[in-house]
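Enquirer: Model the structure of this input:
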Amino acid sequence: MPELTSRRGLLFGTAAIGAGTLLVGCTSNESSDEPAANDQPAADDKLGKEVTIGFAGPQADHGWLNAINDNAKSRAKKYSDVTLEITEGSNDTAAQIGQIETLINKKVDVLVVLPADGKALTQVGLKAMRAGIPVINLDRIFNTPQAYRCWIGGDNYGMGLNAGHYIGEKLKDKSDAKVIELAGLDNLELTKQRTQGFDDALKNYPNIKKVARQAAEFTVESGQAKMAQLLQAQSKFDALWNHDDDQGVGALRAIEQAGRDDFLMVGGAGALSAFQAIKQDDGVLKATVLYPPTMAASAIDLARALGQGKGVGGMAEFEIPASITLYSAVVDKENVDKYMSTGFK
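Expert: Predicted coordinates:
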């Protein structure tokens, strides 16, 4: 099969290749001299075609977002055939749109975009795609798949689900167990998904009841204030799930100030401070559920592969996938050393 070398071919050739492969698979059992798909070039560390990647993200006003930028930069430095054009992060949608349009005008080979607002930036994603510049949409998803070639991001529902199952297994033998939840911003869809996953997991444990929930704002200050309210309202409970390790720093302050240590706490995201507390194992924080900022490093890998017309190592297909959802692993004292180097500050 001839190599698809044009950007348009890279963007829109997937369906044709997939259909052709399916047709051969359904109509013939004869052997072929053609190489198998897994013999085709896959992205690796070897020097390849030079690729200029444009990266645009929001303002790094949160530990996780800062880690996103750091992961993208460090991954790009790993490849001598990659040039990274990175914008100054902004939470203003108009400013971020302008930054992305500048990258489009520079004719970068591939764009990686973590939008401040997926819906608001959909049109600029479409603009890039129509200009023949494939887009890797990072985490906050555009309104239409036409605005990106590949989406990669975390699993908010799975994050809540895994937190719920971890707590459930710890409390499954306790009668009338009570849990509380310290959520993130309630106006965000991701917060709703995390809560839904948590609630669905708890349905598997009829002995456990969620008795309280407060929504913080992913900040240390809001975490401390809302946790203090929960502690004042709930004199007795067995477990707490906190959606975000940054606001968890404040939550732990409130817990210490209240002199409480009669429950277990599970965090969220994967901050270095959380990993260190879990390893030390002298407080209420026993685990955290990952929302890995390493997705930005993987986005650079995908962008490089796309720019070089290669697939993904370990997969048989000619092209990179259309979407990748990362797993929300639970990190506790049994495996924390494995993840320590990925913790964000």
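Enquirer: show me where the stretch 101-250 of the chain has strands.
Expert: In the stretch 101-250 of the chain, the segments counted as strands under DSSP state E, counting those that start in this stretch are 110-113, 135-138, 150-153, 177-183, 208-215, 239-242.
Enquirer: so what does the last one touch, helix or strand wise?
Expert: It stands for strand 239-242. Contact here means 3 or more Cβ pairs under 8 Å, 6 or more residues apart in numbering; DSSP states H and E; on that basis strand 239-242 packs against helix 156-171, strand 177-183, helix 220-233, helix 245-258, strand 264-269. In short, each C-beta sits where N, CA and C put it, glycine included.
Enquirer: hmm, 10 Å instead?
Expert: helix 156-171, strand 177-183, helix 189-202, strand 208-215, helix 220-233, helix 245-258, strand 264-269, strand 285-290 (3 or more Cβ pairs under 10 Å, 6 or more residues apart in numbering; DSSP states H and E).
Enquirer: what does the average pLDDT come to for that strand?
Expert: Confidence for strand 239-242, expressed as mean pLDDT, is 98.
Enquirer: and it, how far from the chain's centre?
Expert: Centre-to-centre, strand 239-242 and its host chain are 21 Å apart (Cα atoms, centre = their mean, to the nearest Å).
Enquirer: any idea how far Lys203 is from Gly197?
Expert: Distance of Lys203 to Gly197, computed by Cβ to Cβ, to the nearest Å: 11 Å.
Enquirer: One more: Ser235?
Expert: Taking Cβ to Cβ as the measure, Ser235 falls 28 Å from Gly197.
Enquirer: what's the answer for Gln224, then?
Expert: From Gln224 across to Gly197, the span is 25 Å (Cβ to Cβ).
Enquirer: ok, now Leu240?
Expert: In terms of Cβ to Cβ, Leu240 sits 16 Å off from Gly197.
Enquirer: what is the mean pLDDT for stretch 209-220?
Expert: For stretch 209-220, the mean per-residue pLDDT is 97.
Enquirer: Can you check the distance spanned by it, start to finish?
Expert: Terminal residues of stretch 209-220 lie 27 Å apart, using Cα to Cα, to the nearest Å.
Enquirer: coming back round to it: more crowded one of Lys203 and Gly197?
Expert: For the pair Lys203 and Gly197, the greater number of neighbours falls to Gly197 (23 against 10), based on other Cβ atoms under 10 Å.
Enquirer: how close does the more buried one sit to Tyr291?
Expert: On the measure of Cβ to Cβ, Gly197 and Tyr291 end up 12 Å apart.
Enquirer: what do the two both touch?
Expert: Asp155, Asn156, Gly158, Met159, Ser328 (Cβ atoms under 10 Å, 6 or more residues apart in numbering).
Enquirer: Now do the contacts for the first one.
Expert: When you say that, I think you mean Asp155. Contacts for Asp155 (Cβ under 10 Å, 6+ apart) come out as Leu161, Asn162, Gln193, Arg194, Gly197, Val289, Leu290, Tyr291, Thr325, Leu326, Tyr327, Ser328.
Enquirer: The third one against Asp186, yeah?
Expert: No: applying Cβ atoms under 10 Å as the test, Gln193 and Asp186 come out as separate, 11.8 Å apart.
Enquirer: Between the two, which has more neighbouring residues?
Expert: Using other Cβ under 10 Å, the more surrounded residue of Gln193 and Asp186 is Gln193, with 17 against 13.
Enquirer: Spatially nearest residue to that one, not counting backbone neighbours?
Expert: Using Cβ to Cβ, 6 or more residues apart in numbering and skipping residues adjacent in sequence, the residue nearest Gln193 is Asn156, 3.8 Å away.
Enquirer: Tell me, how many residues neighbour the one you found?
Expert: For Asn156, the count of nearby residues is 25 (other Cβ under 10 Å).
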